[in-house]
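Chemist: sequence first, predicted model second:
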Amino acid sequence: LRAAAIAGTGSFLPERIVTNDDLAAELATRGIETSDTWITERTGIRQRHLAERGVATSDLATEAARRALADAGVQADELDLIIVATSTPDFVFPSTACLVQAKLGNKGAAAFDVQAVCSGFVYAMSTADAFVRAGRARCALVIGAEVFSRILDWNDRGTCVLFGDGAGAVVLKAADAPGILAAELHADGSQMNILCAAGNVAYGEVTGDPFLRMDGQAVFKQAVNVLEKSARQVCADAGLTLADVDWLVPHQANVRILNMLARKLDVSLDKVVVTLDRHANTSAASVPLALDAARRDGRIKSGHVVLMQGVGGGFTWGSVLARM
Ligand code: ACO
């Protein structure tokens, strides 16, 4: 058993839905102008789910995990690896993965967080796949979970309209045949400034602006370029071509990025899973949320080849190609 197969998926969104109109009305009370038309046309986002005060990343992650475990028919005590991808952990430490482990009632599994912002989930999947292939884990829980609403500047209309909260999870089990066909990860730390929440962190101390800041146009251009290259590379690594891909499940940042990517890859838009309209950008949670949504509505079926892609702060990017 030296390959990792996807045994189950699950996801969870906080109950509270904030539409573009709701958000525009709220911002208007503070003299900030935006509109449903602007947000929809520029981003494809129509609404987002936001966590209530007191609800943390580990709460969303645990609920998504329970659903993935139920889907896989796996008990929490069977897990020997738990990885949470998040940039909005409950605490500096312990890791959110340890908190999820305790909430699930597992003892003894290795548990740690992966921080690669919107690429976090593909980083975590690739890591778990490597553990399973190396024989270091047999049953892994991989979660992407975020409460990005906590790190947004709600007075910056250029960023606060883009994000939502949520979590998605996958159970990976050791198997004879993959599963995960190929994965590839990249980063370019010299581009940290185009998307960061690091305003004035000096030697670990937050001294000033703790909120997310972004150069939207730079991110846009980078995202399309790196996702195209990575998609071609991961397919080649698996000995496949893009024509073999049944579903593209990209990070949900902006529908214009997704449209441009599909065009460059010559992949039909009907093969691209889009949840951005309902979920907005949930960073590390966006890919597993979209994967679970498309599995549960019957689009992604057993045997389908799925290309998952992340891109985001760091700057980071990567792809995971899987047979369901
Ligand atoms: N409502 C109304 N007007 C707005 C809003 C808003 N919410 N936000 C910005 N504007 C205004 C700007 O002030 C600007 O006005 P001006 O021309 O008078 O100066 C105008 O709209 C155009 O602003 P731009 O930033 O040039 O708009 P752009 O077309 O680039 O769209 C956006 C901005 C949506 C952020 C786009 O650049 C984008 O999607 N970039 C990709 C980045 C992304 O998706 N980031 C998500 C996180 S990163 C990730 O997940 C990988």
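Modeler: Nice, thanks for sending it over.
Chemist: could you use CA atoms for every contact and neighbour count after this?
Modeler: Noted.
Chemist: helix, strand, or coil at residue 310?
Modeler: Taking DSSP: H, G, I helix; E, B strand; the rest coil as the rule, one finds residue 310 in the strand state.
Chemist: now do the contacts for the closest residue to it other than its chain neighbours.
Modeler: Of all residues not flanking residue 310 in the chain, residue 119 sits nearest, at 4.0 Å (CA to CA, 6 or more residues apart in numbering). Counting by CA atoms under 8 Å, 6 or more residues apart in numbering, residue 119 touches 251, 283, 284, 309, 310, 311, 312, 313, 316, 317, 318.
Chemist: ok, so of the residues you listed, who is nearest the ligand?
Modeler: Closest to the ligand out of these is residue 312 (3.8 Å), distances taken as CA to the nearest ligand atom.
Chemist: residue 125 versus residue 315, what's the distance?
Modeler: Residue 315 is 18 Å from residue 125, where distance means CA to CA, to the nearest Å.
Chemist: my bad, residue 51
Modeler: 25 Å.
Chemist: more neighbours: which of these two?
Modeler: Neighbour count, other CA atoms under 10 Å: between residue 51 and residue 125, residue 125 has more, with 28 against 24.
Chemist: wait, that one sits on residue 142?
Modeler: Yes: between residue 125 and residue 142 there is a contact under CA atoms under 8 Å: 6.3 Å.
Chemist: from the middle of its chain, how far away would the one helix or strand residue 286 maps to be?
Modeler: Element membership for residue 286, per DSSP states H and E: helix 286-296. How far helix 286-296 lies from its chain's middle: 10 Å, per CA atoms, centre = their mean, to the nearest Å.
Chemist: report whether that helix contacts the ligand.
Modeler: No: Helix 286-296 does not reach the ligand (CA under 6 Å from any ligand atom); its nearest approach is 9.1 Å.
Chemist: which strands and helices lie in contact with that helix?
Modeler: Other elements packing on helix 286-296 under the criterion 3 or more CA pairs under 8 Å, 6 or more residues apart in numbering; DSSP states H and E are strand 3-12, strand 139-147, strand 165-175, strand 247-250, strand 305-312.
Chemist: angle of it against strand 3-12?
Modeler: Here the directions of helix 286-296 and strand 3-12 differ by 90 degrees (axes from the mean of the first three to the mean of the last three CA atoms, to 10 degrees).
Chemist: list the contacts of helix 286-296.
Modeler: Applying CA under 8 Å, 6+ apart, the contact partners of helix 286-296 are 9-12, 118, 121, 143-144, 166-170, 249-252, 273-275, 279, 300-301, 308-310.
Chemist: mind listing what's buried in it?
Modeler: By 16 or more other CA atoms under 10 Å, the buried positions in helix 286-296 come out as 286, 287, 288, 289, 290, 291, 292, 293, 294, 295.
Chemist: where does the prediction get shaky in this protein?
Modeler: Within the chain, the segments meeting pLDDT under 70 span 1, 199-207.
Chemist: look up how far residue 32 lies from the residue nearest the centre of the chain.
Modeler: In the chain, the centroid-proximal residue (CA atoms, centre = their mean) is residue 284; its distance is 2.7 Å. Relative to residue 32, residue 284 is positioned 28 Å away (CA to CA).
Chemist: not counting sequence-adjacent ones, nearest residue to residue 190?
Modeler: Among residues not flanking residue 190 along the chain, residue 315 sits closest, at 7.7 Å (CA to CA, 6+ apart).
Chemist: please enumerate the strands of the stretch 151-300 of the chain.
Modeler: For the stretch 151-300 of the chain, the strands defined by DSSP state E, counting those that start in this stretch cover 165-175, 180-187, 195-196, 201-202, 205-206, 213-214, 247-250.
Chemist: distance from the longest one to the middle of the chain?
Modeler: Its chain's C-alpha centre and that of strand 165-175 lie 11 Å apart, by CA atoms, centre = their mean.
Chemist: how about the residues of the stretch 101-250 of the chain that lie near the ligand?
Modeler: Contacts of the stretch 101-250 of the chain with the ligand, taken as CA under 6 Å from any ligand atom, map to 118, 157, 158, 161, 216, 217, 219, 220.
Chemist: count of neighbours near the fifth one?
Modeler: Residue 216 has 12 neighbours, counted by other CA under 10 Å.
Chemist: how far does stretch 45-57 stretch from one end to the other?
Modeler: The first residue of stretch 45-57 is 22 Å away from its last residue (CA to CA).
Chemist: other residues contacting that stretch?
Modeler: Residues outside stretch 45-57 that contact it (CA under 8 Å, 6+ apart): 13-20, 36, 39-40, 88-90, 96, 145-147, 149, 162-167, 254-255, 276-280.
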